[in-house]
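> Sequence isn't available, so here's the structure alone:
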């Protein structure tokens, strides 16, 4: 699938607002963790639903990972997925001085909390710039310590295609890395296009 359903101007505008939104998310995470957060430039592309699992593997690499999912609702709607590398919970716990006392439930709760901050700041920032209404469901664990090839194997993807906005977050002095992926089905992209057109007209 190509990006034909989004114009070049709309894609550039989305890149701009996503970059600002990711910066706000990075600042929020940095405040929580007390460390500088490194960000990649957001990558925007459209894929068929069947290609999404492979796209996640290509992004996160081979290995073991956990993932958190969180729906966003309103004028902008879709689903955000945050993929954490194998030892992310341990790295975060160490950084936040939890020591070795972090059990499995507490570890999962930590990933949910970090995902909630990340998704809320990023998508909240995008929605604010586009003057679009947005709300969020509670985050939930999508996968816990599984092969990256299995991240979405058991999940039904209703949309025939999706718009992927990908960004990588990392900590300057830690091995911690996570990836935020925003999935928007084709029918939800029309609302995004309208919001982007408003943004472009007001520049």
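Cool, the structure landed. Keep in mind it's a predicted model, so treat the numbers as computed, not measured.
> in the chain, which spans are helices?
8-33, 52-60, 88-95, 104-130, 186-201 (DSSP state H).
> between those, which one is nearest to residue 176?
Closest to residue 176 of those is helix 88-95 (Cβ to Cβ; 4.3 Å). Heads up, the C-betas are built off the backbone N, CA and C, glycines and all.
> any chance of the helices of the chain in CSV, with distance to residue 176 and mean neighbour count too?
Converted to CSV, those look like this (distance: least, Cβ to Cβ, whole Å; neighbours: other Cβ atoms under 10 Å):
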stretch, distance to residue 176, mean neighbour count
helix 8-33, 9, 18
helix 52-60, 13, 18
helix 88-95, 4, 19
helix 104-130, 10, 19
helix 186-201, 30, 16
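> Figure out which of those helices is closest to residue 149.
That would be, of the helices of the chain and by Cβ to Cβ, helix 52-60, which comes in at 5.7 Å.
> Tell me the helices and strands packed up against the closest one.
Counting contacts by 3 or more Cβ pairs under 8 Å, 6 or more residues apart in numbering; DSSP states H and E, helix 52-60 is packed against strand 78-85, strand 161-171, strand 177-185.
> Show residues contacting the first one.
If you take Cβ atoms under 8 Å, 6 or more residues apart in numbering as the criterion, strand 78-85 is touched by 56, 59-60, 63-72, 111, 114-115, 118-119, 122-123, 142, 148, 151, 162-163, 175-185, 188.
> what bits of this structure have low per-residue confidence?
Applying pLDDT under 70 to the chain flags residues 1-5, 97-102, 152-161, 175.
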